[in-house]
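Asker: test case, fold it:
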Amino acid sequence: MTDLADRRGAETQVYQPAEDTRLLAEAAVSEIEPPARVLDVGTGSGYVAATVADETGADVVGSDLNPYAVRQAADRGVPVVRSDLVSAFRDGAFDAVVFNPPYLPRDDDAAREDWMEVALSGGDDGRAVVEPFLDDVGRVLAPDGFALVLVSTLTGVDEVIEYAGERGFSAVAVREESFPFETLSVLKLWK
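Answerer: Next up is the predicted model:
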């Protein structure tokens, strides 16, 4: 009984698939071709990783800092590593990296008391996790590799593109979806 209770409690600590998750998965499926080696950063429930693996045949691994997410993704059958962004991976290891970052602007001083807050909060401007990701993702990409990053108008799409450009990336939006309070875009970034 305890194991079942632990699993149910863990679900409240892991970001579950929503509109943004599905948009990123759709973009990844349309952009990734086997035999690609793919990393799903911040894999959460493992939905994007599992979808990409199932629909493209690519070799996909997930990573997440949240231990509950690591367990949930593994339960879904996703090979997963506990890691902060791409820090656990070697240079040039992936043909594609996909990432649905925490992008909601939140007060930097607000308490990050649980894993769901960590999964949602992108800091004061919504880019507190996106920028460190962009600083290091180029290191783990193979020479012709690319990253797919979900961003919101709440985060500042132009600001993310500018920041990526300062790190040597070209960018194009490959998917967009509008909602009453924001537009979500999946950016494809390559060097």
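Asker: which stretches in the protein count as strands?
Answerer: 37-41, 59-64, 80-82, 94-99, 141-152, 170-178, 183-190 (DSSP state E).
Asker: contacts for the fourth one next, please.
Answerer: So that's strand 94-99. 24, 28, 31-32, 36-42, 48, 52, 58, 86, 133, 137, 140-142, 144-150 (C-beta atoms under 8 Å, 6 or more residues apart in numbering). Placement of C-beta: from N, CA and C, glycine included.
Asker: which of these count as buried?
Answerer: By neighbour count, with 16 or more other C-beta atoms under 10 Å, these hold 24, 28, 31-32, 36-42, 48, 52, 58, 86, 133, 137, 140-141, 145-150 as buried.
Asker: hmm, residue 173 is touching residue 185, no?
Answerer: Yes. Here residue 173 lies in contact with residue 185, judged by C-beta atoms under 8 Å, at a distance of 4.6 Å.
Asker: who has more neighbours out of the two?
Answerer: residue 185 (24 against 15; other C-beta atoms under 10 Å).
Asker: contacting residues around the more buried one?
Answerer: 150, 151, 152, 153, 157, 173, 175, 176.
Asker: so residue 91 makes contact with residue 140?
Answerer: Yes. Under the criterion of C-beta under 8 Å, residue 91 makes contact with residue 140 at 6.5 Å.
Asker: what does the longest helix anywhere in the chain contact?
Answerer: Criterion DSSP state H: the longest helix present in the chain is helix 19-31. With C-beta under 8 Å, 6+ apart as the test, helix 19-31 has contacts from 15, 38, 44, 47-48, 51-52, 55-56, 96, 98, 100, 146, 148, 150, 152, 174-175, 177, 179, 184, 186, 188.
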